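only the shape, not the letters, is given here:
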């Protein structure tokens with residue numbers, strides 16, 4: 001099967017990590033896979049460079065920001081000439097409206113990587129009527145990544161989607177000194193990692209407020225925030241909280257190795273799809289402390305393979321952190337083991353199997 005995955009870029013993020021893993025696994029299963037980046041790849045597009053040689057890489061070379069009709073026509077020409085069996089879209093639906101209209105025999109699939117309502121903004125709002133029509137007619141087949149994501153799609157579009165949960169390969173962890181080791185102040189310091197871009201969705205302001213409360217209570221904790229700055233206003237809001245015990249370490253290229261040494265992973269998000277970082281966390285036996293949003297609550301059973309706060313609010317997340325800090329060593333060890341066990345359904349092989357089944361229908 002000749003499969004095209006197309007996305008604006010391959011920056012360091014969960015969607016990009018999922019595309020990289022999915023495309024790689026599809027080639028391992030004998031399919032001819034092409035990835036096309038709409039934007040010209042940059043040095044920090046780490047998943048562009050992680051794609052193996054078995055995946056054909058193409059780019060349309062877009063340089064400037066913002067929507068342009070030039071790329072709409074370029075995408076149409078690229079898909080038409082490629083003679084792909086399947087075109088897998090991963091966002092920015094408006095870039096593909098011409099291709100969907102003028103290539104009636106082409107199979108198009110569109111993966112929702114978050115709550116369906118959250119994927120409609122700016123230009124997506126203007127094209128919503130067309131998007132909804134294409135899904136209802138089955139012209140573009142929708143794929144959602146968790147039961148919560150699937151429900152949000154049905155409520156918004158009034159039709160069904162296929163369910164293909166996110167998956168990842170088992171992470172390769174390097175046992176070398178990293179920022180987690182350096183952050184431990186005493187032998188009893190508990191180091192927590194927050195892997196996420198600096199954005200509204202990740203709720204970093206609540207996170208640093210919670211950790212300041214814990215530090216003021218003389219709890220031996222450290223928080224490391226690892227992610228690319230995407231919203232400078234939020235970064236400036238949380239910057240006054242930075243200190244020896246609350247550190248912003250910027251974009252990291254090997255998050256699983258950090259989580260493997262951390263005591264816990266913090267994700268108090270306001271909204272999510274099914275975070276790749278959560279799956280990486282489980283795979284390496286790191287305990288997640290999360291808010292119950294999106295697909296997170298579909299993966300985490302509170303008190304078994306992680307802890308769920310009652311909401312994304314400061315007080316509720318603070319209480320979840322207290323629960324973690326008060327549990328016994330035995331409970332912590334048991335929870336770590338359950339993390340590893342609960343990861344098994346989310347191996348990339350299972351995810352790709354479901355994608356291929358949908359493609360074959």
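Received the coordinates, thanks. On a predicted model such as this, the values are computed, not experimentally measured, just so you know. Residues are numbered from 1 along each chain as shown.

please make it C-alpha for all contacts and neighbour counts, starting now.
Fine.

residues contacting residue 359?
residue 86 (CA atoms under 8 Å, 6 or more residues apart in numbering).

now the helix or strand it falls within: mean pLDDT?
Assigned by DSSP states H and E, residue 359 falls within helix 348-360. Mean per-residue pLDDT for helix 348-360: 97.

so which bits of the least confident helix or strand in the chain by mean pLDDT are buried?
Across the helices and strands of the chain, mean confidence by mean pLDDT, DSSP states H and E is lowest for helix 123-126: a mean of 79. With burial defined by 16 or more other CA atoms under 10 Å, the residues of helix 123-126 counted as buried are residue 124.

show me what counts as buried in the next helix-or-strand element following it.
Scanning forward in sequence from helix 123-126 by DSSP H and E, the next helix or strand is helix 128-137. Using 16+ other CA under 10 Å as the test for burial, helix 128-137 gives 128, 131-132, 134-136.

could you do stretch 312-322 as well?
In stretch 312-322, counting by 16+ other CA under 10 Å, buried: 312-314, 316-318, 320-321.

for stretch 185-195, same thing?
Quick answer for stretch 185-195 (16+ other CA under 10 Å): 190-195.

I figured residue 140 hits residue 109, correct?
Yes - if you go by CA atoms under 8 Å, residue 140 and residue 109 touch, sitting 5.5 Å apart.

backbone dihedrals for residue 325, please?
Residue 325 adopts backbone torsions of phi -70, psi -20, taken as degrees, to the nearest 10.

for residue 247, see how far away it is.
Distance from residue 325 to residue 247, counting by CA to CA, to the nearest Å: 20 Å.

look at the two and report which has more neighbours.
The neighbour comparison of residue 325 against residue 247 (other CA atoms under 10 Å) goes to residue 247, with 18 against 14.

I'd guess that one is in a strand, am I close?
Yes - under DSSP: H, G, I helix; E, B strand; the rest coil, residue 247 falls within a strand.

ok, the nearest residue to it once chain neighbours are set aside - contacts?
Counting by CA to CA, 6 or more residues apart in numbering, residue 247 lies nearest to residue 224, which is 5.0 Å off, once chain neighbours are set aside. By CA under 8 Å, 6+ apart, residue 224 lies in contact with 180, 191-194, 246-249.

where does pLDDT dip in the chain?
Applying pLDDT under 70 to the chain flags no residue at all.

could you report the neighbour count for the spatially closest residue to residue 276 that is not a sequence neighbour?
If the residues on either side of it in the chain are set aside, residue 276 comes closest to residue 14, at 5.1 Å by CA to CA, 6+ apart. Residue 14 has 20 neighbouring residues, counting by other CA under 10 Å.

same check, this time on residue 94
There are 18 residues near residue 94, going by other CA under 10 Å.

surely it meets residue 127?
Yes - if you go by CA under 8 Å, residue 94 and residue 127 touch, sitting 6.4 Å apart.

just put the buried residues of stretch 312-322 in CSV and tack on secondary structure.
CSV is the format used below for the buried residues of stretch 312-322 (three-state DSSP):
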residue, secondary structure
312, coil
313, coil
314, helix
316, helix
317, helix
318, helix
320, helix
321, helix
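
now those residues in JSON lines, with distance to residue 64?
Below are the buried residues of stretch 312-322 laid out as JSON lines (distance: CA to CA, whole Å):
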{"residue": "312", "distance to residue 64": "35"}
{"residue": "313", "distance to residue 64": "37"}
{"residue": "314", "distance to residue 64": "38"}
{"residue": "316", "distance to residue 64": "42"}
{"residue": "317", "distance to residue 64": "40"}
{"residue": "318", "distance to residue 64": "42"}
{"residue": "320", "distance to residue 64": "43"}
{"residue": "321", "distance to residue 64": "43"}
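
just to revisit the earlier point, any idea how far the residue nearest to residue 247 is from residue 68?
38 Å.

equivalent analysis for residue 260, please.
For residue 260, the distance to residue 68 - CA to CA - is 42 Å.

more crowded one of the two?
residue 260 (23 against 11).

so which helix or strand takes in that one?
If you go by DSSP H and E, residue 260 is part of helix 255-261.

tell me how far that helix lies from the chain's centre.
Mean-position distance between helix 255-261 and its chain equals 16 Å (CA atoms, centre = their mean, to the nearest Å).

now for the following helix or strand past that helix, which elements pack on it?
The helix or strand immediately downstream of helix 255-261 is strand 264-267, counting by DSSP H and E. Contact here means 3 or more CA pairs under 8 Å, 6 or more residues apart in numbering; DSSP states H and E; on that basis strand 264-267 packs against strand 190-195, strand 287-290.

now residue 257. Nearest residue, chain neighbours left out?
residue 173 (4.8 Å).
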